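Chemist: All I have is the shape, not the residue letters:
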């Protein structure tokens, strides 16, 4: 039959592979979808209307695979495909907004891996997509959520106050739809993060209270086991600690401890980086209020998270970054135990930190050297590559623990999780 009559069926087949990957997480389905879209693109003459559509869908699939695997080559190919698809899409076409947003997602992903110049282009693409998605469009909330995340990312790099103000405005817009988006809770958390980051700037003194309110609303909206909860729990805890330090309000301090405990517990179950950050901030803030029992509990949670991280991250840069934090966490935990009259627990905390330094890393490093000495550099390389992939799966942007200790003014600049940058669905 003519190719034009097959188009709906081939598009449905590729979309089914993509949907199955989203449901099961099986990378084989994603790879098959990429191959199917690439085959369709190569078989379609450049002048046909379907060509731009196949290029757009292939670009979206490559961008999705790049976020899963971290392969920069996939981000590069996705950006090239989507730029070509956008260029081939008329300004008034309803498909242009989807293609712009997918392009922006690919550029944002590449910017997070060192191509910082891509972030400006990503923001411009999100802004054009937002202009095309008028108020009332069901896709507008996600576009505004992604735009706000990109603006906040640029603010974190350049500290231009206009960017954080624009991020606040974008995330407020993401919440303004009459029907709540499935990402409504994420948008609430993102807005809380913006306001918390802006807190302390001239004229923004009310942002802390508003950030606390939005973070609480986000937790009420997010599913109990959702992956976005841990970042919001940690943000809310830190905001409450800061407010308690300023007001000496025991109610805020007690609530902060409870949210710190929840963030650390969730982090230890799935994201040890989050447990380290939540536990350390918990310990540091509680110490400032003389709540030594809670300070010690937070420090112990951070040490457990560090133990998981150091034992699983075989790549030296990752190990060294976490080991930089280890000594300070162990010492702070020991001090809190001692201040609470638990000398034996203080010694154990110090010994735990030292044992991690002397055994976990050295033994693992020795094992890698033994593999190399036995001529099995292929296995040592594969092991280290797997460790890097594990780190990437846990957190798309590697967490840097070295600057955990902050002054009170710096504490007000800590933010929640990065939010969501999922792709617009393939068209067709």
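Modeler: Looks like it came in fine. Note that the structure is a prediction, hence the values are computed from the model and not measured.

Chemist: Just the strands from the stretch 51-200 of the chain, written as ranges.
Modeler: In the stretch 51-200 of the chain, no strands are found when defined by DSSP state E, counting those that start in this stretch.

Chemist: What sits closest to residue 233 if chain neighbours are left out?
Modeler: Nearest-residue entry for residue 233: residue 263, 3.8 Å, with adjacent residues in sequence omitted and distances by Cβ to Cβ, 6 or more residues apart in numbering. For glycine as for every other residue, the C-beta is placed from the backbone atoms N, C-alpha and C.

Chemist: what about that neighbour, neighbour count?
Modeler: When neighbours are counted by other Cβ atoms under 10 Å, residue 263 registers 29.

Chemist: by contact count, what packs against the host helix or strand of it?
Modeler: Element membership of residue 263 [criterion: DSSP states H and E] is helix 250-270. The contact analysis (3 or more Cβ pairs under 8 Å, 6 or more residues apart in numbering; DSSP states H and E) places helix 250-270 against helix 229-247, helix 272-288, helix 292-312.

Chemist: Which residues outside that helix are in contact with it?
Modeler: Residues outside helix 250-270 that contact it (Cβ atoms under 8 Å, 6 or more residues apart in numbering): 227, 229-230, 233-234, 236-238, 240-241, 243-244, 273-279, 281-282, 285-286, 289, 291, 294, 297-298, 301-302, 304-305, 308.

Chemist: Can you report phi and psi for the residue nearest to residue 248 when sequence neighbours are not counted?
Modeler: Taking Cβ to Cβ, 6+ apart, and ignoring the residues beside it in sequence, residue 248 has residue 289 as its nearest neighbour in space, at 7.6 Å. Recorded main-chain torsions at residue 289 are phi -100, psi 0, according to degrees, to the nearest 10.

Chemist: ok, residue 289 touching residue 244?
Modeler: Yes: the pair residue 289 / residue 244 is scored as a contact, 6.5 Å apart, by Cβ atoms under 8 Å.

Chemist: of the two, who's got more company?
Modeler: Set side by side, residue 289 and residue 244 show more neighbours around residue 244, with 23 against 18, by other Cβ under 10 Å.

Chemist: got a list of what the more buried one touches?
Modeler: By Cβ under 8 Å, 6+ apart, the contact list for residue 244 reads 250, 252, 253, 256, 285, 289.

Chemist: ok, which pair from those is furthest apart?
Modeler: Looking at these by Cβ to Cβ, the two members farthest from one another are 250 and 285, with 13.7 Å of separation.

Chemist: the more surrounded of the two?
Modeler: Looking at residue 250 and residue 285 with other Cβ under 10 Å, you find the greater number of neighbours at residue 285, namely 26 against 11.

Chemist: The more buried one and residue 193: what is the separation?
Modeler: Distance of residue 285 to residue 193, given as Cβ to Cβ, to the nearest Å: 18 Å.

Chemist: ok so, going back, enumerate every residue touching the residue nearest to residue 248.
Modeler: Counting by Cβ under 8 Å, 6+ apart, residue 289 has contacts 244, 245, 248, 253.

Chemist: mind checking how far the third one is from residue 239?
Modeler: The spacing between residue 248 and residue 239, counted by Cβ to Cβ, is 16 Å.

Chemist: okay, those two: which has more neighbours?
Modeler: With other Cβ under 10 Å as the criterion, residue 248 and residue 239 differ in neighbour count, and residue 239 comes out ahead with 32 against 9.

Chemist: hmm, back to that, now the contacts of helix 250-270: which count as buried?
Modeler: 229-230, 233-234, 236-238, 240-241, 243-244, 273-279, 281-282, 285-286, 289, 291, 294, 297-298, 301-302, 304-305, 308 (16 or more other Cβ atoms under 10 Å).

Chemist: From the structure, what's the count of residues near the closest residue to residue 67 other than its chain neighbours?
Modeler: Setting aside the residues directly before and after it, residue 67 is nearest to residue 109 in space (Cβ to Cβ, 6+ apart), at 5.8 Å. A total of 24 residues lie near residue 109 under the criterion other Cβ under 10 Å.

Chemist: what's in contact with stretch 103-121?
Modeler: 59, 62-63, 66-67, 70, 72, 75-76, 78-79, 82-83, 85-86, 122-123, 125-126, 129, 146, 149-150, 153-154, 157, 396-397, 421-424.

Chemist: I am finished for the moment; much appreciated.
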